[in-house]
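[1] Here is a sequence with its predicted model. Questions after.
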Amino acid sequence: RSSDPCWVFSSLLDIVQLMDTKKIRSRWVLESASRLEFLVRLERTLREVAPDSSSASSTETLSNDLNSVLSEAITLCGGGDRHVTLVKRILTNAAKDPNQIDSTEIRNNKKVALTDQERLQLDSYWRDAEVALKNNDSKSAFVSLIKIVVMRDGRNCTCLNELARMLHAMLESNSILDGTIVKEICDYCDKTDNRPSSVLKKMLTKSIDDESFYIEDAKQSSKSNNRETRTVQKTKKKELALPDHYHSAIESLRKTSTNSNSSTTSWAVLANSRTVDNGDAKYLSLPRPPKWVDSSGDVQCLRSKLHDAISPSGEMALNNILAFDSEFRSEGGNVELATIQFSILEDGLPLAWVVDLNPDPPNVGYSTVICDTLRWIFVESDAQILGFAHRHDLRMISSYIGKEIPILDNFFDVQLLAAHKMA
């Protein structure tokens with residue numbers, strides 16, 4: 001981590017001399033090489049995902065810097081005695097770029113059993129991952145999970161199904177199978193282009209697929225009736241994929257949409273086209289521009305409008321649904337809310353507002369009115385609230401207003417609806 005080849009060389013030499021002096025009767029050279037390889041592969045991945053914020057170096061530069069450290073450490077070995085030769089072997093093994101190893105070569109390599117200490121270390125990584133998941137800390141969860149993948153992969157014992165099943169059990173036991181934090185961890189994987197991140201992303205995707213686990217179990221328990229069992233279970237899983245209040249809401253919307261007196265919207269309202277070189281290009285846009293909200297008066301007008309739209313009985317109808325989304329900004333290394341958008345339907349036409357949550361200069365009175373309004377919308381009102389993967393947004397809004405927002409039966413996630421539709 002300090003990019004000091006002399007320190008790397010001298011530390012390894014101390015390890016080799018100690019182990020040789022103690023006459024340890026084990027494959028300690030191989031184990032030392034494996035441990036260093038684990039540290040190097042982990043550092044490669046973490047440098048790609050979270051480079052030093054004070055450095056503007058590219059991912060390629062950071063990776064080359066690590067290669068340079070290893071190469072210089074190997075050079076320091078020269079043509080020394082037996083101990084130095086062993087250090088050189090350990091360094092040479094760790095200096096291999098895992099991205100240049102063919103997947104066929106990995107499969108053909110002999111599987112090396114984990115040592116007792118490595119198993120304990122893996123258990124520790126799993127515990128760290130569970131704590132991070134419980135705290136909704138996607139970055140720490142990514143780091144812990146990538147350590148697991150790197151260690152298992154380094155021993156050529158990365159059983160994807162096994163790892164995915166363990167992660168699935170962890171997510172299920174903590175009631176976080178909605179996929180939001182998994183998506184955030186996958187975003188970290190997408191920032192890199194290496195085997196550990198690719199394996200982790202596959203593991204994450206598989207871990208939230210309840211159906212794949214059932215089908216796999218069904219194959220083992222009832223091969224003769226495999227197709228029928230799979231079909232029945234798929235149907236059950238689709239039914240269980242959505243909470244009960246989603247089904248009742250969908251049914252209510254179907255009934256109201258068939259009522260001639262109810263206001264409905266159409267894609268035609270949002271569809272537009274413009275002429276380009278190759279013909280007409282179609283795109284979606286609001287029929288009316290959104291209203292910018294950045295004063296106490298604007299906030300009061302917004303609240304009044306939403307109050308009229310929200311059914312006091314919590315009735316589910318298109319005109320009673322309040323859609324929202326939020327945007328963030330990074331300030332001093334911290335991520336904070338920048339704006340929040342609201343939208344409702346009025347006579348079949350969407351109305352939209354963009355609310356400024358960071359006035360410049362700061363305005364205490366305005367911020368107080370905003371907090372009161374957001375608290376009313378998300379905690380006190382009977383609004384039917386629609387968002388997209390909104391758990392992270394709600395955590396940020398809770399922090400902003402100073403009150404926890406309970407996710408009850410009036411919240412609906414478009415991401416969950418889309419996943420159910422595509423299943």
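    That came through, no problem.

[2] okay, stretch 311-321 in PDB with CA atoms only?
    Extracted C-alpha coordinates of stretch 311-321, given in PDB (Å, rounded to 0.1, in the frame of the first residue of the first chain):
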ATOM      1  CA  SER A 311     -56.600  11.000  -0.900                       C
ATOM      2  CA  PRO A 312     -57.200  11.300   2.900                       C
ATOM      3  CA  SER A 313     -58.400   7.700   2.900                       C
ATOM      4  CA  GLY A 314     -55.300   6.400   1.200                       C
ATOM      5  CA  GLU A 315     -57.400   5.300  -1.800                       C
ATOM      6  CA  MET A 316     -55.300   3.900  -4.700                       C
ATOM      7  CA  ALA A 317     -56.000   5.800  -7.900                       C
ATOM      8  CA  LEU A 318     -53.700   7.200 -10.600                       C
ATOM      9  CA  ASN A 319     -54.400  10.800  -9.500                       C
ATOM     10  CA  ASN A 320     -53.500   9.900  -5.900                       C
ATOM     11  CA  ILE A 321     -50.100   8.600  -6.600                       C
END
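
[3] Quick check: buried residues in it?
    316, 317, 318, 319, 320, 321 (16 or more other C-beta atoms under 10 Å). All C-beta spots, glycine's among them, are computed from the backbone N, C-alpha and C.

[4] That one: how far from the chain's middle?
    Distance, stretch centre to chain centre, for stretch 311-321: 32 Å (C-alpha atoms, centre = their mean, to the nearest Å).

[5] Quick check: next helix or strand after the lowest-mean-pLDDT helix or strand in the chain?
    In the chain, no helix or strand scores lower on mean pLDDT, DSSP states H and E than helix 103-108, which sits at a mean of 44. Sequence-wise, the next helix or strand downstream of helix 103-108 (DSSP states H and E) is helix 116-134.

[6] Need the contact partners of that following helix.
    114, 138-141, 143-145, 147-148, 151-152, 155, 166-167, 170-171, 174, 176, 181 (C-beta atoms under 8 Å, 6 or more residues apart in numbering).

[7] out of those residues, which are buried?
    114, 138, 141, 143-145, 147-148, 151-152, 155, 166-167, 170-171, 176, 181.

[8] Among these, name the ones in helices.
    Among the buried ones among the contacts of helix 116-134, the residues falling in helices (DSSP state H) are 138, 141, 143-145, 147-148, 151-152, 166-167, 170-171, 181.

[9] between those, which is nearest residue 13?
    Of all these, residue 13 sits closest to residue 151, with 24.3 Å by C-beta to C-beta.

[10] Could you report the pLDDT at the residue lying closest to that closest one once chain neighbours are set aside?
    Nearest non-adjacent residue to residue 151, counting by C-beta to C-beta, 6 or more residues apart in numbering: residue 38, 5.5 Å away. Residue 38 is assigned a pLDDT of 73 by the prediction.

[11] for residue 369, same thing?
    95.

[12] Please compute how far the helix ranked longest in the chain lies from its chain's middle.
    Using DSSP H, we find that the single longest helix of the chain is helix 28-49. Centre-to-centre, helix 28-49 and its host chain are 24 Å apart (C-alpha atoms, centre = their mean).

[13] Same check on stretch 285-293?
    31 Å.

[14] got the end-to-end distance for it?
    In stretch 285-293, first residue to last residue: 20 Å (C-alpha to C-alpha, to the nearest Å).

[15] Could I get the buried residue list for it?
    Buried residues in stretch 285-293 (16+ other C-beta under 10 Å): residue 293.

[16] neighbouring contacts of that stretch?
    With C-beta under 8 Å, 6+ apart as the criterion, stretch 285-293 contacts 269-270, 272, 298-299, 302, 341, 349-356.

[17] dump the residue contacts of residue 390.
    324, 325, 411, 413.

[18] now do 10 Å
    Residues near residue 390 by C-beta atoms under 10 Å, 6 or more residues apart in numbering: 178, 180, 324-326, 397, 405, 407, 411-415.

[19] Next, it: phi, psi?
    phi -90, psi 0 (degrees, to the nearest 10).

[20] the strands in this protein, which residues?
    271-276, 279-284, 291-293, 321-331, 334-346, 349-356, 384-387, 411-413 (DSSP state E).

[21] Paired strands for the longest one, with orientation please.
    I take that to be strand 334-346. strand 321-331 (antiparallel), strand 349-356 (antiparallel) (DSSP bridges).

[22] what's the closest of those strands to residue 386?
    strand 321-331 (4.4 Å).

[23] contacting residues for the most centrally placed residue in the chain?
    Closest to where the C-alpha atoms of the chain average out (C-alpha atoms, centre = their mean) is residue 184, at 1.7 Å. The neighbours of residue 184, taking C-beta under 10 Å, 6+ apart as the test, are 136, 137, 138, 139, 141, 142, 389, 391, 392.

[24] quick one: the third one and residue 337, what's the gap?
    By that I understand residue 138. Per C-beta to C-beta, to the nearest Å, residue 138 is found 18 Å from residue 337.

[25] now the first one
    Taking C-beta to C-beta as the measure, residue 136 falls 16 Å from residue 337.
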